[in-house]
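Novice: this one's structure only:
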């Protein structure tokens, strides 16, 4: 239903949790390298860099999740096929990506914490996108 993109993920259990979220929501997991671990036995789509992924999906909409944005994720209207892009656990998305895509940057509002666990952040936004689709199809 949706496309989840992890850019340079570092922690295998987080990626595994995100993978299970994708399975349970019929979403596709895209991993942008370099990866901080091996995925030899996993069936996912892997890309050497984010530009390659975007070129291959030029007509798709991309949303970039970051703590540096001000627009909350719940103010966006998501559509099937959208790409929800998350950065590294320790650094987030590269500053260049954020600057080039300011209008598509969204955030999960948080108070009193620097950030959420990657899998938790993916779940929050992915299930909001699914909720919107369910509401539209009623």
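Specialist: Yes, it's here. Nothing here was measured: the structure is a model prediction, and the numbers come from that model.

Novice: buried set for the helix ranked longest in the chain?
Specialist: Determined from DSSP state H, the single longest helix within the chain is helix 118-136. In terms of neighbour count (16 or more other Cβ atoms under 10 Å), helix 118-136 has its buried residues at 118, 119, 121, 122, 123, 125, 126, 128, 129, 130. Just so you know, the C-beta spots here come from the backbone N, C-alpha and C atoms, and that holds for glycine as well.

Novice: out of the residues you listed, which is nearest to residue 71?
Specialist: The closest of the buried residues of helix 118-136 to residue 71 turns out to be residue 125 (Cβ to Cβ; 12.4 Å).

Novice: tell me which residues touch the closest one, please.
Specialist: 63, 65, 73, 84, 106, 108 (Cβ atoms under 8 Å, 6 or more residues apart in numbering).

Novice: over to residue 71?
Specialist: Contacts of residue 71 by Cβ under 8 Å, 6+ apart are 105, 106, 107.

Novice: for the residues you listed, which one is nearest residue 138?
Specialist: For those, the nearest to residue 138 is residue 106 (24.7 Å; Cβ to Cβ).

Novice: any figure for the gap between the closest one and residue 12?
Specialist: Relative to residue 12, residue 106 is positioned 26 Å away (criterion: Cβ to Cβ, to the nearest Å).

Novice: and those two? which has more neighbours close in?
Specialist: residue 106 (19 against 14; other Cβ atoms under 10 Å).

Novice: hang on, residue 109 packs against residue 72?
Specialist: Yes - contact criterion Cβ atoms under 8 Å: residue 109 and residue 72 qualify, at 5.3 Å.

Novice: now the closest residue to residue 45 other than its chain neighbours: which helix or strand?
Specialist: Leaving aside its chain neighbours, residue 45 sits nearest to residue 30 (5.0 Å; criterion: Cβ to Cβ, 6 or more residues apart in numbering). Per DSSP states H and E, residue 30 falls inside strand 28-32.

Novice: okay, now the sheet partners of that strand, with direction.
Specialist: Strand 28-32 sits in its sheet next to strand 3-7 (parallel), strand 45-47 (parallel), going by DSSP bridges.
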